[in-house]
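In: Have a look at this prediction, sequence included:
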Amino acid sequence: MTFSLKNWSLLPVGVGLLFFWLFVGAAGYHFLMAMIGPVVPAKLEELGADNALIGLLAGSFPSLLAGIVNPFSSYYSDRTRSRYGRRIPYIFVSAILMTAFLLLMAWASTLGKSLSEFFGVSTPRQVALILFAGGSLLYGTANVIGGSIMYYLFPDVIPQKYLGRFMALFAMLGAAMGFVFSKFFLQYAEHQLSLLFTLSAIANLLLTLLMCFAVKEKEYPPPEPRNSVLDDVKTYFRECFKVPFYWFFFIGNGLTGASMMCRWLFNLLFAQKNLDMSYAQYGNVTGWSLLLAFVLAYPIGMLVDKLHPLRVYMAGVVLIIVANLFGFFLIEDTATFWVFSLLIAAVYAIQNTSDLPLTAAIFPQDKYGQYCSASAMVRSLTLAGAGYLGGLFIDLTGDYRYLFVWDAFFTGLSLIAMIIVYIQWKKLGGVTSYRAP
């Protein structure tokens with residue numbers, strides 16, 4: 001059965017059905033994100049990569065590819081018109097590609113051994129590392145297209161007055177899937193990674209395709225006349241980067257991403273190496289932390305709708321700095337790691353829940369994907385440098401604890417940029433979107 005959105009803004013039941021189908025598609029995706037984050041760096045370390053190489057393979061290269069691919073896919077998604085909409089076709093194709101590349105990652109060690117024996121080389125672990133890293137990069141590229149455009153779908157089909165609450169529920173779904181993975185599945189990643197990746201890839205594909213068939217996009221006005229690729233590029237940069245307001249937002253968002261890089265890459269390794277925690281212990285802590293984020297998400301979403309997402313987002317940035325200072329100075333054992341994990345989950349729930357409503361509030365709606373991609377491009381280029389430099393930073397300090405210093409420093413820089421955004425927003429009267437002349 002399919003559902004039309006023509007009159008849904010007037011029908012709460014219809015909106016609820018829309019939420020349901022979007023959540024069906026997002027459930028498998030959230031599970032994959034919870035899995036990929038901690039497992040890929042740990043697997044790369046197991047295959048012989050040092051921290052700088054982990055940062056390069058799991059952070060810099062995927063971010064650089066995102067910075068290249070995202071602007072094109074987002075720009076042309078805004079201008080796509082098909083019987084299935086302007087977002088669904090991209091999500092559909094990328095889901096298929098993500099599944100194929102996850103399967104390559106799942107069986108990289110087995111394929112590495114088989115290929116080494118077939119070609120008569122004595123380096124199966126190095127071959128497995130190449131296959132796993134290559135699959136990870138290809139998966140990341142497909143995810144850039146499908147994952148980002150799925151977020152563009154939300155403002156297209158959800159009435160704006162419900163968007164803050166939707167993103168709260170969306171964040172709750174993410175926290176719930178993260179809890180399920182961390183609490184019940186992460187312990188199997190150490191010895192049964194192939195099976196875990198395979199089943200997760202297939203489940204995500206089926207759920208995403210179900211969403212694609214169930215959700216119908218609205219009718220869009222005809223796109224602007226197509227120009228040459230060079231003219232499109234000129235238009236893209238003129239519209240996205242001519243207004244200083246957006247520049248500071250893009251920079252602040254990029255620095256926020258850079259601040260989280262060391263945590264994404266090395267939090268599990270910090271728990272293992274510094275605190276002697278097992279996969280199961282780490283998953284237990286992370287799971288309950290995500291459950292806290294689940295509980296907090298909807299009240300935060302209501303706050304976003306009431307106070308404006310920019311104010312809520314900035315409050316979250318300040319609290320993240322405080323949380324990281326706590327982590328650096330006070331984490332000594334599993335118990336203090338528990339306390340910190342609950343604290344960081346709470347403050348990141350504030351930022352994550354307000355993020356998409358913030359972009360929906362300040363970006364022009366008819367070119368929402370384009371402006372999001374410009375922000376994502378700046379963020380990706382920032383992450384490309386942060387991945388390698390973050391890994392190198394940990395190698396030079398010789399202590400995973402310094403991931404908290406990295407996070408606090410770059411979050412502080414992000415706060416400065418967002419303060420400038422807030423000042424300009426107030427000077428312009430709190431207008432919700434601005435355009436380049």
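Out: On my side now, so go ahead.
In: Around the residue nearest to residue 73 when sequence neighbours are not counted, count how many other residues there are.
Out: Closest residue in space to residue 73, ignoring its immediate chain neighbours: residue 145 at 4.6 Å, by Cβ to Cβ, 6 or more residues apart in numbering. Placement of C-beta: from N, CA and C, glycine included. If you count neighbours by other Cβ atoms under 10 Å, residue 145 ends up with 23.
In: Check residue 114 too.
Out: 13.
In: any idea how far it lies from residue 68?
Out: Distance from residue 114 to residue 68, counting by Cβ to Cβ, to the nearest Å: 33 Å.
In: For the stretch 1-150 of the chain, which residues score under the pLDDT cut-off?
Out: Along the stretch 1-150 of the chain, segments meeting pLDDT under 70 span 1-12, 122.
In: quick one: what helix or strand has the spatially closest residue to residue 105 that is not a sequence neighbour in it?
Out: Closest residue to residue 105 apart from its sequence neighbours, by Cβ to Cβ, 6+ apart: residue 135 at 3.9 Å. For residue 135, the host element (DSSP states H and E) is helix 124-157.
In: Likewise for residue 372?
Out: helix 368-397.
In: One more: residue 14?
Out: helix 12-46.
In: Got the confidence number for residue 329?
Out: pLDDT recorded at residue 329 is 95.
In: burial measure for residue 83, as a count.
Out: 8.
In: Secondary structure element for it, which one?
Out: Going by DSSP H and E, residue 83 is not in any helix or strand.
In: The helix holding residue 372 - contacts with which helices or strands?
Out: The helices and strands touching helix 368-397, judged by 3 or more Cβ pairs under 8 Å, 6 or more residues apart in numbering; DSSP states H and E, are helix 51-55, helix 61-78, helix 124-157, helix 229-241, helix 244-273, helix 334-362, helix 403-427.
In: and of those, who's closest to residue 290?
Out: With Cβ to Cβ as the measure, helix 334-362 is the member of those nearest residue 290 (6.3 Å).
In: And stretch 175-184, what's buried?
Out: 175-183 (16 or more other Cβ atoms under 10 Å).
In: In PDB, list the C-alpha atoms belonging to that stretch.
Out: This file holds the C-alpha atoms of stretch 175-184, laid out as PDB (Å, rounded to 0.1, in the frame of the first residue of the first chain):
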ATOM      1  CA  ALA A 175      19.200   5.900  20.000                       C
ATOM      2  CA  ALA A 176      17.000   2.800  20.300                       C
ATOM      3  CA  MET A 177      18.800   1.100  17.400                       C
ATOM      4  CA  GLY A 178      22.100   2.100  18.800                       C
ATOM      5  CA  PHE A 179      21.100   0.600  22.200                       C
ATOM      6  CA  VAL A 180      20.000  -2.600  20.500                       C
ATOM      7  CA  PHE A 181      23.200  -3.000  18.600                       C
ATOM      8  CA  SER A 182      25.500  -2.000  21.500                       C
ATOM      9  CA  LYS A 183      23.700  -4.000  24.200                       C
ATOM     10  CA  PHE A 184      23.000  -7.200  22.200                       C
END
